[in-house]
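A.B. asks: Need the 3D shape of this:
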Amino acid sequence: MRIVPYRPTHFDEVDALWQLCFPEDPPLNRAASAIPAKQAVGDDLFFVAEMGDGHTVGTAMAGYDGHRGWLYAIAVHPNFRSRGVGSALVAQACNPLAERGCMKVNLQVRAGNEPVARFYEKLAFIREPRISMGRTLQPTNAPARGRGVQ
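C.D. replies: Sure, this is the predicted structure:
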């Protein structure tokens, strides 16, 4: 197994992997939306784990805003779990963050996904007392004319 920077030739296999690993994800997290948005940033923080035959078996997408780092889309094909692929992907994503001066990396695990939470705990991540909140920025979330602050 080797970890390489994401290339457009990976798209179809990454898309299939994410559909397998994240079947409940909303459209904005799907490969068709997330990958072009990530590539537009151009920060080289998107990695793919390939087997010797070149097939994609895992991904790690990271981000850094100058204050905190984030891990997104850590995915490993079920047939390749418990082989060190996920740990290697997390390390590959965290190393360039540290090189950029990142002092802390955050991630989110869906409530109730205890196997994934335990995986991250083995990698020295700790559970923090936080409430995760989000807001999708689409026209449907904008205040209607005549209502709210203009």
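A.B. asks: now the residue nearest the centre of the chain, which residues is it bridged with?
C.D. replies: By CA atoms, centre = their mean, the mean C-alpha position of the chain lies nearest to residue 72, the distance being 1.6 Å. Judged by DSSP bridges, the bridge partners of residue 72 are residue 61.
A.B. asks: Per-residue pLDDT of it, please?
C.D. replies: We have a pLDDT of 96 for residue 72.
A.B. asks: cool, and the one 10 residues further on?
C.D. replies: The model reports residue 82 with a pLDDT of 95.
A.B. asks: Over to residue 141?
C.D. replies: pLDDT, the model's per-residue confidence, is 48 for residue 141.
A.B. asks: Next one: the residue nearest to the centre of the chain from residue 8, what distance?
C.D. replies: To residue 8, residue 72 is 19 Å away according to CB to CB, to the nearest Å. All C-beta spots, glycine's among them, are computed from the backbone N, C-alpha and C.
A.B. asks: hey, where'd the helices end up in the protein?
C.D. replies: Along the chain, the stretches classed as helices by DSSP state H are 11-21, 31-41, 85-99, 114-122.
A.B. asks: tell me which residues in the second one are buried?
C.D. replies: By that I understand helix 31-41. Buried positions in helix 31-41, judged by neighbour count with 16 or more other CB atoms under 10 Å: 31, 34-35, 38.
A.B. asks: now swap in the first one and tell me
C.D. replies: Within helix 11-21, the residues scored as buried using 16+ other CB under 10 Å are 13-15, 17-18, 21.
A.B. asks: low-confidence ranges in the protein?
C.D. replies: Where the chain drops to pLDDT under 70, the residues are 139-150.
A.B. asks: if you set the cut-off to 50 instead, what comes out?
C.D. replies: 141-150 (pLDDT under 50).
A.B. asks: re the thing from before, export the helices of the chain to JSON lines and tack on distance to residue 52?
C.D. replies: Shown next, in JSON lines, are these (distance: least, CB to CB, whole Å):
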{"stretch": "helix 11-21", "distance to residue 52": "15"}
{"stretch": "helix 31-41", "distance to residue 52": "24"}
{"stretch": "helix 85-99", "distance to residue 52": "13"}
{"stretch": "helix 114-122", "distance to residue 52": "24"}
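A.B. asks: closest to residue 77 out of the ones you listed?
C.D. replies: helix 11-21 (6.0 Å; CB to CB).
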